[in-house]
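1. Here is my input, please return the structure:
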Amino acid sequence: MTRLTGLPPVIGPATRVLVLGSFPGVASLRAQQYYGHPRNQFWKILGALWSKDLMVMTYEDRLTCVREQGLGIWDVYASCEREGSLDADIREPVLNDLALVRAQCPGLQAIAHNGSESFRHARHTHALGLLVYRLPSTSPANASWSFDRKLAAWAEVLRRHGVAP
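-> Here you go, the predicted structure:
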């Protein structure tokens, strides 16, 4: 198997909530963009919460919007071995240094795990002394949750920390 390396964190001094995925899928790695699969609902959910059509924006403009809203994006895994995009196929993962984010984001209040694979590492995020949430995965593989149900769950957490109106 090929060793894959993830993407750098999208954070800033104003980051209040950090969304942690597991590891970028093939489409995201190819594009070098978080949530790059066209059927992933991450950008659609944020756009609905912020009343912005993020899908028509360039990726860089989306990241600017994310930072302005106080949201950060990263993954629990820095690298891993995997064929395809499924979390179940991740082998030999290496964790990201989450303490780095804590140090660079003085206003960080919470970690929101995007899906169950990410949430498996909640003990590491709890150690940062922050609130920790498990959100439903925005992946197209999570077909058991409707868009509206995912949106409601994400809205509850992000509103609690002033990241969504």
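2. Residue 120: neighbour count?
-> 14 (other CB atoms under 10 Å). Glycine gets a C-beta too; all of them are placed from N, C-alpha and C.
3. Pop out the phi and psi values for it.
-> Dihedral angles of residue 120 (phi, psi; degrees, to the nearest 10) stand at phi -60, psi -20.
4. cool, residue 9 as well?
-> Per degrees, to the nearest 10, the backbone of residue 9 is at phi -70, psi 150.
5. and if you look at the one 4 residues further on?
-> Residue 13 has phi and psi values of phi -60, psi -20 when expressed as degrees, to the nearest 10.
6. what about it, how many neighbours?
-> With other CB under 10 Å as criterion, residue 13 counts 10.
7. cool, and residue 56?
-> 9.
8. likewise residue 126?
-> For residue 126, the neighbour count with other CB under 10 Å is 12.
9. can you check residue 83 too?
-> The burial count for residue 83: 11, using other CB under 10 Å.
10. And stretch 36-56, what's buried?
-> 36-37, 40-50, 52, 54 (16 or more other CB atoms under 10 Å).
11. Sorry, slip of the keys, the one I care about is stretch 21-29.
-> 21, 22, 23, 24, 25, 28, 29.
12. One more: stretch 114-129?
-> 114, 115, 117, 118, 119, 121, 122, 124, 125, 128.
13. Can you name the residues that contact residue 53?
-> residue 47 (CB atoms under 8 Å, 6 or more residues apart in numbering).
14. per-residue confidence for it?
-> Per-residue confidence (pLDDT) for residue 53: 95.
15. for residue 102, same thing?
-> At residue 102, pLDDT is 88.
16. Kindly report the same for the one 4 residues further on.
-> For residue 106, the model assigns a pLDDT of 95.
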